Structure formats: structure tokens, C-alpha cells
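Undergrad: This is a predicted model, with the sequence first.
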Amino acid sequence: MSMTPKNPTLPAPSTVMVWEEFIQITGVHPERLQELLALGWIEARGSTVQQYLFRDVDIYRVRKLERICCDFELPVLGGTIIVDLLERIDALERSVRSFKSFED
């Protein structure tokens, strides 16, 4: 099976977005985004804020963080720890399910 695109004139969907687009999609305040970058919790490529490129996979993480911090009135650092733990639990559950599928 060929891996060529159906319409070669269309570019591949982007997996990165610029600062403004990321803020608009996530609803995160720019200062909070700066804090997350300083913590190293999310990473951006680029040399200046205007040139930062964010991964689209971080949208879900930031939205989850915002919801947890707001719902439980937590500081950002506490929220990042919870999101990280939830992601680890999810990965462990997937691993257990895959091991169980080998047993069946």
C-alpha cells in the first residue's frame, strides 16, 4: 500500500502552533503559559515568544491543568503534579491492558 497522500497539493496537517493560537485554543493566560514554560512542564521551540511553536498534544494537558487548578483552587505547581500523575496512571493502565491481552 502506497503512503502517498491522496491530494499531493495539500500540506500535511500541522502538529505545532504559535503562541497566540495556543493561548486562544487553551484559554490559558499568557503569564500562566510563561510559568509553565519556566517550570519546564511544557516546551516550545523558537527563540522569542512571538516565534514559539507549541505541540498540539500539549493542548489537552494545559486544558486539564487549567480545569484541575480552577476546580480545586490549586497553584500551578500542584496542578502540574496531579496532571503528571494522572498521565502516569493512564500509561500504566494501558500497559496492564496490553499485558492482559497477551494472556487471553
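TA: All right, it came through fine.

Undergrad: tell me which element residue 69 is part of?
TA: Taking DSSP states H and E as the criterion, residue 69 maps to helix 58-72.

Undergrad: ranges for the strands of the protein?
TA: Along the chain, counting by DSSP state E, strands occupy 16-18, 44-45, 53-55.

Undergrad: Could you pull up the mean pLDDT of the first one?
TA: The pLDDT scores in strand 16-18 average 91.

Undergrad: helices or strands up against it?
TA: Using 3 or more C-beta pairs under 8 Å, 6 or more residues apart in numbering; DSSP states H and E, the elements in contact with strand 16-18 are strand 53-55. All C-beta spots, glycine's among them, are computed from the backbone N, C-alpha and C.

Undergrad: Show me which positions of the strand it packs on end up buried.
TA: 53-54 (16 or more other C-beta atoms under 10 Å).

Undergrad: what's in contact with it?
TA: The contact list for strand 53-55 (C-beta atoms under 8 Å, 6 or more residues apart in numbering) reads 15-19, 22, 42-46.

Undergrad: what's the longest helix in the chain?
TA: Of all the segments assigned as helix in the chain under DSSP state H, the longest by residue count is helix 76-103.

Undergrad: now the protein, which segments are flagged as low pLDDT?
TA: Segments of the chain classed as low confidence (criterion: pLDDT under 70) are 1-8, 10-13, 104.

Undergrad: again, only this time at 90
TA: Low-confidence segments of the chain (pLDDT under 90): 1-16, 46-51, 56, 99-104.

Undergrad: Quick check: closest non-adjacent residue to the most centrally placed residue in it.
TA: With distances taken as C-alpha atoms, centre = their mean, residue 58 lies nearest the centre of the chain, 1.3 Å away. Spatial nearest neighbour of residue 58, excluding adjacent residues (C-beta to C-beta, 6 or more residues apart in numbering): residue 42 at 4.8 Å.
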